[in-house]
Each structure stands twice: as C-alpha cells, then as structure tokens.
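S.K.: Quick one: sequence and predicted model below, then my questions.
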Amino acid sequence: PMRWIVCGGARSGSAIHSDPVGAAWNALVVGRKRWVVLPPPQVMAQMVSTPVFEMLQLDAYDGDHQGIMSWYVDVYRKICARKEVAQLVLWEGVQEAGETVYIPEHWMHGVLNLEPTLAVTENFVAKPRAHVLCP
C-alpha cells in the first residue's frame, strides 16, 4: 500500500485523475472536501460524446493551469447542464471531517478543498489483483 498524509488550503485540491495503482480511500481528519467521482475513462467514452468526455478531463481544459477551482466553476457547471450527462454515473458530494471516501480502481476523481483540510489517504491493490503488480 501507498499511504500519505495530505493537507491543503481552501480552494486547493486535486485535478480530475485516476490513481495509477489500485483502489484508494481518503479519511478526512479536519475540514471539508467536495468530490466528483466518475467511471473509468473507457466506460465514460462509451456513454458520452467526445467533446463532453474531453471537457470532463482537466488536462484537456487546463492548458494554462487554472486548476480544479476553475474546472468546477467554468467546466463542470456546463457539463452538468448537458442532457447526455444525465445518463452518466457520477457521484458528487461533500466529505466532512470524520468521514472516509472509497474510490474504486480506475475510477476518475477530483477534489476541491472547501476549507483547510488534513486527511490520510492510501492506495491499495486487492489481494485477487496483486498478481498483476507482483507476478
């Protein structure tokens, strides 16, 4: 497992991404985080048009590194207004101190810290899949 202690100020966070290894959990000790969790890219590509798929990925939008706050304000609102996104399996919510969020393997996610935060997070590979990384 890979485990970290992470902290961030209000309006900081992480861009939309999928973790390179396994699933993850995030236990929030202090603060509040706003999460967007999306299916794996190969699933999304079959569910929505290419322009919407590209807008969901921060890297396609973030040529000038405006970051996760701008993505929420400028892009996410426009995406949610599109009819085809209604069929997309998407989870959005606010994590409060004392709560833990689980992210399945390959699922994309982004986080916006709503206030200063402190969390513990870990990536792990379930035992049935361990042979993929450690043959």
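M.R.: Received it, and whenever you're ready, just let me know what you need.
S.K.: what stretches of this protein score poorly on pLDDT?
M.R.: Counting by pLDDT under 70, the chain contains low-confidence residues at 1, 41-67, 84-89, 126-135.
S.K.: can you give me the helices for it?
M.R.: 41-47, 50-56, 58-61, 67-70, 77-80, 130-133 (DSSP state H).
S.K.: Would you quantify the distance from the residue lying closest to Gly98 once chain neighbours are set aside to Lys83?
M.R.: Of all residues not flanking Gly98 in the chain, Leu28 sits nearest, at 7.0 Å (CB to CB, 6 or more residues apart in numbering). Where you see a C-beta, it was placed from the backbone N, CA and C, and this is true even at glycine. Using CB to CB, to the nearest Å, one gets 34 Å for the distance from Leu28 to Lys83.
S.K.: between the two, which one's more packed in?
M.R.: Leu28 (21 against 6; other CB atoms under 10 Å).
S.K.: Is that one bridged to anything, and to what?
M.R.: Beta-bridge pairing of Leu28 under DSSP bridges involves Ala119.
S.K.: I'd guessed it sits against Val94; true?
M.R.: No - Leu28 lies out of contact with Val94 (CB atoms under 8 Å); the separation is 10.1 Å.
S.K.: if we can go back for a sec, please list all residues in contact with the residue nearest to Gly98.
M.R.: Gln95, Glu96, Ala97, Gly98, Glu99, Thr100, Val101, Thr117, Leu118, Ala119 (CB atoms under 8 Å, 6 or more residues apart in numbering).
S.K.: count of residues packed around the first one?
M.R.: Neighbouring residues of Gln95 were enumerated by other CB under 10 Å; the total is 20.
S.K.: just the fifth one next, same as before
M.R.: Burial of Glu99, expressed as a neighbour count using other CB under 10 Å, amounts to 13.
S.K.: Equivalent analysis for the second one, please.
M.R.: Applying other CB under 10 Å, we find 11 other residues in the vicinity of Glu96.
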